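J.: Okay, sequence plus prediction incoming.
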Amino acid sequence: MSIAATFGKAKAEGRSVLVGCMPAGFPTVDDSITSMVAMAEAGCDVIEVELPYSDPVMDGPVIQKASDIALAAGVRTRDTLKIIEAVSATGATVVLMTYWNPIEKYGVDAFARDLASAGATGMITPDLIPDEAGEWIAAADKYAIDKTFLVSPSSTDERLAMTVANCRGFVYATALMGVTGARTSVSSQAPELVARIRAADPDLPVGVGLGVGTGAQAAEVAAFADGVIVGSALIRCVLEAPDLATGHQRLRALSAELAEGVRAGKPA
């Protein structure tokens, strides 16, 4: 299912979308597939597959550690595409989150082609801004891949409007300044940022990320956003577990809690 269709379905049900993130190949290729399928089965509407990268400037310590484990185990870009293929084959909506350097090394058009072939419906590019993304925008349009760029509370109105205009599928609103990671409370800047995005384009879904780690926080964000994006809290379930079976059990439990939160969060 496409990102637009997934957001549309959730809107018709009067709720927000839950986007769950997991690095490809963490701790192994097969284990990451098991984790992502478990997340989808437990209620994540969209699986955000992160391509492990050696210099993840936006990611906090949890995602960095998980990515380092995947890289040390030898995961590569082609493994990530195989993981996307396996997860999307289950019927899950899959998007890729990646820094730009690996795409440039792979070849932009070839990567867009192979990403679409693997079954991903979109790509999030945290370190790529639209005014420097001409080659990617052309390739994404050619292969019908939704383009998600990021906006933050510090974005000027002009830059926010330009970024939103270049997104398709949804726009990623970073609710906090700084790197990713679960927080004890949700940023007070997030509702204002979502309102600014909606003023620029009332029809484009807004996903809010950076900081959500509990069902209660998911409900809080779902009250004003179209999508709730969770990464570090889900990854920690596996990263800090004594064994993989326990990790996957914890992952299912938290995914279900978050899914319940996004379903409870929309005001009637």
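T.: Thanks, I have the structure now.

J.: which residue is nearest the middle of this protein?
T.: Geometric centre of the chain, nearest residue: residue 48, 4.0 Å, by Cα atoms, centre = their mean.

J.: Quick check: longest strand in the chain by residues?
T.: Longest strand of the chain, by residue count under DSSP state E: strand 17-23.

J.: Report the distance from that strand to the chain centre.
T.: 5 Å (Cα atoms, centre = their mean, to the nearest Å).

J.: SS state for the residue nearest to the centre of the chain?
T.: strand (DSSP: H, G, I helix; E, B strand; the rest coil).

J.: what's it in contact with, if anything?
T.: 19, 20, 21, 22, 95, 96, 97, 124, 229, 231 (Cβ atoms under 8 Å, 6 or more residues apart in numbering). Where you see a C-beta, it was placed from the backbone N, CA and C, and this is true even at glycine.

J.: what's the pLDDT at it?
T.: pLDDT for residue 48: 97.

J.: what ranges do the strands span in the stretch 51-200 of the chain?
T.: In the stretch 51-200 of the chain, the strands defined using DSSP state E, counting those that start in this stretch lie at 93-97, 122-124, 146-148, 150-151, 171-174.

J.: what does the second one contact?
T.: Residues external to strand 122-124 that are found in contact with it (Cβ under 8 Å, 6+ apart): 2-3, 48, 95-98, 115, 140, 145-148, 150, 168-170, 172.

J.: That strand pairs with which strands, parallel or anti?
T.: strand 93-97 (parallel), strand 146-148 (parallel) (DSSP bridges).

J.: Export those as CSV, with columns for distance to residue 225.
T.: Listed next are these as CSV, based on distance: least, Cβ to Cβ, whole Å:
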stretch, distance to residue 225
strand 93-97, 16
strand 146-148, 14
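
J.: Need the single longest helix in this structure, by residues.
T.: Of all segments of type helix in the chain, defined using DSSP state H, the longest is helix 244-264.

J.: In it, which residues are buried?
T.: Neighbour counts over helix 244-264 (16 or more other Cβ atoms under 10 Å) mark 247-248, 250-252, 254-259, 261-263 as buried.

J.: Could you identify the most distant pair in the residues you listed?
T.: Maximum pairwise distance among those (Cβ to Cβ): 24.6 Å, between 247 and 263.
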